[in-house]
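# sequence plus the predicted model coming up.
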Amino acid sequence: MLTTLSPADAGAMTCSQLHGQRLVAEDTAQQIAHIAQGGRARFSQRPVLYSTARPDAERGAQARLSVVEAALLAQGCGPDGGRSGGS
């Protein structure tokens, strides 16, 4: 599960670091969805307490993604992790 990322911590990151954090959050959300869709061979292979942990994991991934997206926007970062506007 992803750790909490504060807006202050995100604001101290470079555009490149924020872009990397966005990729991690998106990948985590995809892994959660994959497991939820039966991505494991058998139900017994799913993580213990998955049914109760899934909502928390989804909220955590979305919260982190929201913080990262807000920081990317506030810093004027482009889609590739660099600053938009040529700087």
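Good, I have the coordinates.
# make it CA atoms for all contacts and neighbour counts henceforth
Noted.
# so Ala70 versus Leu23, what's the distance?
Ala70 sits 14 Å away from Leu23, going by C-alpha to C-alpha, to the nearest Å.
# what comes up buried for stretch 17-35?
Neighbour counts over stretch 17-35 (16 or more other C-alpha atoms under 10 Å) mark 17-19, 21-22, 24-26, 28-29, 32, 35 as buried.
# tell me where this structure has helices.
Remark: helices assigned in the chain by DSSP state H are 7-11, 15-36, 50-74.
# tabulate the ones you listed (TSV), appending mean pLDDT.
Shown next, in TSV, are these (pLDDT from 0 to 100):
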stretch	mean pLDDT
helix 7-11	93
helix 15-36	88
helix 50-74	85
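# and Leu65, what is it in contact with?
21-22, 25-26 (C-alpha atoms under 8 Å, 6 or more residues apart in numbering).
# make it 10 Å
Contacts for Leu65 (C-alpha atoms under 10 Å, 6 or more residues apart in numbering) come out as 5, 18, 21-26, 29, 59, 71.
# next one: Val24
Here Val24 is in contact with 2, 18, 30, 61, 64-65 (C-alpha under 10 Å, 6+ apart).
# need the max-distance pair from those residues.
Pairwise distances across the contacts of Val24 peak at 18.3 Å for Leu18 and Gln30 (criterion: C-alpha to C-alpha).
# contacts only, for Ser6.
Going by C-alpha under 10 Å, 6+ apart, the list of residues near Ser6 reads 63-64, 67-68.
# who wins for most neighbours among the residues you listed?
Of all the contacts of Ser6, the highest neighbour tally under other C-alpha atoms under 10 Å goes to Val68, namely 28 neighbours.
# how much space separates that residue from Thr28?
Taking C-alpha to C-alpha, one finds Val68 at 14 Å from Thr28.
# what's the answer for His34, then?
Shown here: His34 relative to Thr28, a distance of 10 Å by C-alpha to C-alpha.
# before we move on, the earlier item: ok, of the buried residues of stretch 17-35, which one's closest to Asp9?
Leu18 (10.3 Å).
# appreciated, that's everything.
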